[in-house]
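Engineer: How does the following fold in three dimensions:
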Amino acid sequence: MAAVTQVLACDSTSIVFSSDDQVAISSPGTLAALHTAASCLKDLLPVAFPTETVYGLGAIALNATAALKIFSTKGRPADNPLIVHVSSRRMLQTLLPQNYTLSRSYELLMEHFWPGPLTLLFPCDHSLIPDIITAGQPTVAIRMPSHPVARALIAVTDAPLAAPSANSSGKPSPTRAEHVLNDLNGKITIILDGGPCEVGLESTVVDGLHEDGNIRILRPGGITVEDIKRVLVDGFSDVDTPIPQILVHRRDFSDDALEQAPTTPGMKYRHYSPSVPVTLMRISDAPLGIEPLSPSAFLEDLKRSMPHSSDTLRVGLLMPSDSILMKSLIGDTTIQWHGFPFGLVSEPAIIARRLFDGLLTLEREGVDLILVEEVPEENEGLAIMNRVKKAAGSSQWITIP
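Structural biologist: Below is the predicted model of the structure:
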């Protein structure tokens, strides 16, 4: 029997955390919604809730039965680990092995970016954390969300929550409660609506556990590589210890074993794909041996190869508002264009916030294809392109007139 899915509104402004991580909630409606969701979680049922990154599908992290329902609800592969969310440093300490001491790098990163969209790998206490959370790996990924509703839910439940994105596995991550409802209606009982997500992309995942002391970015996300570097350079400036290197997976290092048996989400499987095809439009220099197409030649090829149900091909555009490429494309009036406000190319944080919303909105508008223009892989652009490359089924290099 399908569940009856309730959407419960929460007022983030009514939630305040004190300096010692105690939560106060002034809105009776928000307090009641949080207690309803916490009761559901304690009954070992998953709950969808907002974070600053994307909406999460949470279950009590220390209970294997509860965590298993995340996998069955999403259709998630069992070898794809989950991130554990905590509401305080005190809660974090209850999850770590007794003999583990935080490194200087981790102390600095937590001081500057917690609560926030940064996930850190820690040694796993397997007597406490079920293997289903870590996919049997020796580490566990943990973060403290900054969204007041997420953090308050964890505090009211008084238990860490495992939570991937609240969507069917492989789909774009939801950044609004309505995205969750459109996808998981009837599969879960509670969605807490805390409004649109501020960051719009998942957290940055950092592995700082290697003996060399370097910081490995396993998944770029809401905290940029540039931000991490700035904090570490400043934090190590007054000590003799060398500043750790920052190494980005697939840019600065590769690890085939890690990709086959990942320690964190987003590394092994194709993700973020709507039900319609996505093509990445590359405007950077093409590699040797690849001949870029002009916009008009690309469109002629597209119209010949793309099956569509009506006389007019409907194409969605996720491109910066100052895109030269977009201006070249929309001159073809034989195509029905569906745009989505995406921000300027100089505003990657806004593009990041709108990426998943754009994919899901254009999908619901019934387009036949979505074209996404590449952005420079710096600042938030690194995380944007990480997601777009996974969502896209094809790429095409284009020459700009």
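
Engineer: Now G316: which helix or strand?
Structural biologist: strand 313-318 (DSSP states H and E).

Engineer: Backbone torsions only: list them for R151.
Structural biologist: R151 adopts backbone torsions of phi -70, psi -40, taken as degrees, to the nearest 10.

Engineer: Next, the contact list for the closest residue to it other than its chain neighbours, please.
Structural biologist: Leaving aside its sequence neighbours, R151 sits nearest to S87 (Cβ to Cβ, 6 or more residues apart in numbering; 4.9 Å). Every residue, glycine included, has its C-beta placed from N, CA and C. Contacts for S87 (Cβ atoms under 8 Å, 6 or more residues apart in numbering) come out as 21, 23, 144, 151-152, 154-155.

Engineer: Give the buried residues for the helix or strand where L371 lies.
Structural biologist: Per DSSP H and E: L371 is located in strand 369-373. Using 16 or more other Cβ atoms under 10 Å as the test for burial, strand 369-373 gives 369-373.

Engineer: can you give me the helices in the stretch 251-400 of the chain?
Structural biologist: Applying DSSP state H, counting those that start in this stretch to the stretch 251-400 of the chain gives helices spanning 256-260, 295-305, 324-329, 348-364, 380-391.

Engineer: For the third one, buried residues please.
Structural biologist: Read that as helix 324-329. 325-326, 328-329.

Engineer: ok, those residues vs S14, which is closest?
Structural biologist: M326 (40.9 Å; Cβ to Cβ).

Engineer: Does that closest one touch M319 like I think?
Structural biologist: Yes. At 4.3 Å, M326 counts as touching M319 under the criterion of Cβ atoms under 8 Å.

Engineer: tally of neighbours for the closest residue in space to A163 that isn't next to it in sequence?
Structural biologist: Distance criterion Cβ to Cβ, 6+ apart; nearest residue to A163, sequence neighbours excluded, is G56 at 3.4 Å. G56 sits with 33 neighbouring residues when counted by other Cβ atoms under 10 Å.

Engineer: L41 and I70, how far apart?
Structural biologist: Here the criterion is Cβ to Cβ, to the nearest Å. By it, L41 lies 11 Å from I70.

Engineer: shared neighbours of those two, anything?
Structural biologist: Shared contacts of L41 and I70, counting by Cβ under 8 Å, 6+ apart, come down to 58-59.

Engineer: if we can go back for a sec, for I246, find the nearest of the helices of the stretch 251-400 of the chain.
Structural biologist: helix 380-391 (11.5 Å).

Engineer: What residues sit buried inside that closest one?
Structural biologist: In terms of neighbour count (16+ other Cβ under 10 Å), helix 380-391 has its buried residues at 380-388, 391.

Engineer: measure A159 to G116 for me?
Structural biologist: In this structure, A159 and G116 are 21 Å apart, going by Cβ to Cβ.

Engineer: Same question for C10.
Structural biologist: For C10, the distance to G116 (Cβ to Cβ) stands at 19 Å.

Engineer: sorry, back to before: Throw the buried residues of helix 380-391 into TSV and include pLDDT and distance to I228, thanks.
Structural biologist: Output for the buried residues of helix 380-391, formatted as TSV (pLDDT from 0 to 100; distance: Cβ to Cβ, whole Å):
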residue	pLDDT	distance to I228
E380	96	13
G381	96	15
L382	97	11
A383	97	12
I384	97	17
M385	96	18
N386	94	15
R387	95	19
V388	96	22
A391	94	25
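
Engineer: Now render the buried residues of helix 324-329 as a markdown table, adding pLDDT and distance to R304.
Structural biologist: What follows is the buried residues of helix 324-329, written out as a markdown table (pLDDT from 0 to 100; distance: Cβ to Cβ, whole Å):
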| residue | pLDDT | distance to R304 |
| --- | --- | --- |
| L325 | 95 | 20 |
| M326 | 95 | 22 |
| S328 | 94 | 19 |
| L329 | 95 | 16 |
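
Engineer: So which elements touch the host helix or strand of V248?
Structural biologist: Element membership for V248 (DSSP H and E) is strand 246-248. Helices and strands touching strand 246-248, by 3 or more Cβ pairs under 8 Å, 6 or more residues apart in numbering; DSSP states H and E, are strand 215-219, helix 225-235.

Engineer: what sits up against that strand?
Structural biologist: Counting by Cβ under 8 Å, 6+ apart, residues outside strand 246-248 touching it are 214-217, 220, 225, 228-229, 232, 252-253, 382.

Engineer: Can you tell me which of those is closest to E178?
Structural biologist: Taking Cβ to Cβ as the measure, E178 lies nearest P220 of these, at 26.8 Å.

Engineer: what's the span of stretch 326-346 from first residue to last?
Structural biologist: End-to-end distance of stretch 326-346 (Cα to Cα, to the nearest Å): 16 Å.

Engineer: How far off centre is that stretch?
Structural biologist: With Cα atoms, centre = their mean, to the nearest Å as the basis, stretch 326-346 stands 26 Å off its chain's centre.
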